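please find the sequence and the predicted model below.
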Amino acid sequence: MPFSKRPTRRSAFLLVLTFAWSLQTIAGELYTFTSGENGFKTHSVFYDDGEEVIVVDAQFLPSIADQLIDTIRDKTDSPITKVIVTHPNPDKFNGLGRFKELGAEIISSEATADDLPMVHAYKRNFWVNVAGAIKAEDYPELTKIDVTYSNKKVLTTKTGEHITLIQLPGDAMSSDHTVVLFNDKDALFVGDLIHNGTHAWLEGPLHNGVPQPNISAWIKTLERLGDIDAHKVLGGRGDWGDLDNSVEEQIVYLQRVDDIIDEYIQSNEKLTTELASTEAAQKHYSLVTDQIGDAFPAYKMPAMVQYSVYALLNQRAKPD
């Protein structure tokens, strides 16, 4: 006769406890790291499922990537297995070498991988030869992307959780964007598409080595975020927010910036000529920055506008 008996209260309790413990072991933690001023207060996020860590965006300098790695090590002993690059901007990929040294796999969309060499060369020239802020020998080399994808890629962590990479192609803040959905956390990381309560980097994507900002395309990309099933969102800077509200506020910001640029150009008949002078151009960039700051007095980091608005002003002021 087969052995059989009804579970006792103790065995039923142990069964429930074991099930609860099992659920707890697969409930990962999502963390946010924010660099200091020398890294433009850029966010990276990392997800620890208890057995591995997946990082999104690698920071602007190897030294800041080291700080990120130290923060990860303070939180967990899980190995860093993957790093995702959201878009081709150096504060997302310059620190990749540090993670490659740890054996992490580097992931981006095909379009981002294709654009990295051009963006790296342009930004290296700016920081080394134009701004003079970094010595040539100190500027990081470009790190190779290991895995690319198009449209969508679902990562399954070692404990069975899912992280979905969604490509939003086209010119927005950059030439290509990956947004990262942490399915089990109802959380979406969108890189520099959104800056909750913080001024945006307005330089735009690079094409043939030239910045070509496109605010209308940026807005269309933001509208596509509404198709993603998530409630919480974090951008490259700023605070976590509600996805719908954050998208709406970012669109309002960009539309107002667009209007300010047009109004400024219309009120300065000699602008095209004066932008040819470095000294006069800097004065105009500062004045436009002030106007955008006045329109959003509670927004942080106006320097983001100061160093990026040149592209919009120069583009729009060109005679037809």
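On my side now, so go ahead. Numbers count the residues shown, from 1 in each chain.

just give me the neighbour total for the closest residue to A65 other than its chain neighbours.
The shortest distance from A65 to any non-neighbouring residue, by C-beta to C-beta, 6 or more residues apart in numbering, is to G95 (2.9 Å). The C-beta positions use only the backbone N, C-alpha and C, and glycine is treated the same way. As a burial measure, G95 scores 30 neighbours (other C-beta atoms under 10 Å).

now do the contacts for T86.
T86 is in contact with 56-57, 92, 112, 177-180, 189-192, 236, counting by C-beta atoms under 8 Å, 6 or more residues apart in numbering.

separation between it and G197?
20 Å (C-beta to C-beta, to the nearest Å).

then E37?
E37 is 17 Å from G197, by C-beta to C-beta.

skipping its backbone neighbours, what lies nearest K144 in space?
Closest residue to K144 apart from its sequence neighbours, by C-beta to C-beta, 6+ apart: I106 at 7.2 Å.

residues touching that neighbour, list them.
Counted by C-beta under 8 Å, 6+ apart, I106 has contacts K82, V83, V85, L96, F99, K100, T143, K144, I145, D146, V147.

specify the beta-bridge partners of it.
In this entry, I106 is beta-bridged to V83, by DSSP bridges.

so can I have a markdown table of the contacts of T86 showing pLDDT, distance to L202 and secondary structure?
Output for these, formatted as a markdown table (pLDDT from 0 to 100; distance: C-beta to C-beta, whole Å; DSSP: H, G, I helix; E, B strand; the rest coil):
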| residue | pLDDT | distance to L202 | secondary structure |
| --- | --- | --- | --- |
| V56 | 98 | 23 | strand |
| D57 | 98 | 19 | coil |
| K92 | 98 | 17 | helix |
| T112 | 97 | 20 | helix |
| H177 | 96 | 16 | strand |
| T178 | 98 | 21 | strand |
| V179 | 98 | 20 | strand |
| V180 | 98 | 23 | strand |
| F189 | 98 | 21 | strand |
| V190 | 98 | 17 | coil |
| G191 | 96 | 15 | helix |
| D192 | 96 | 10 | helix |
| G236 | 95 | 13 | coil |
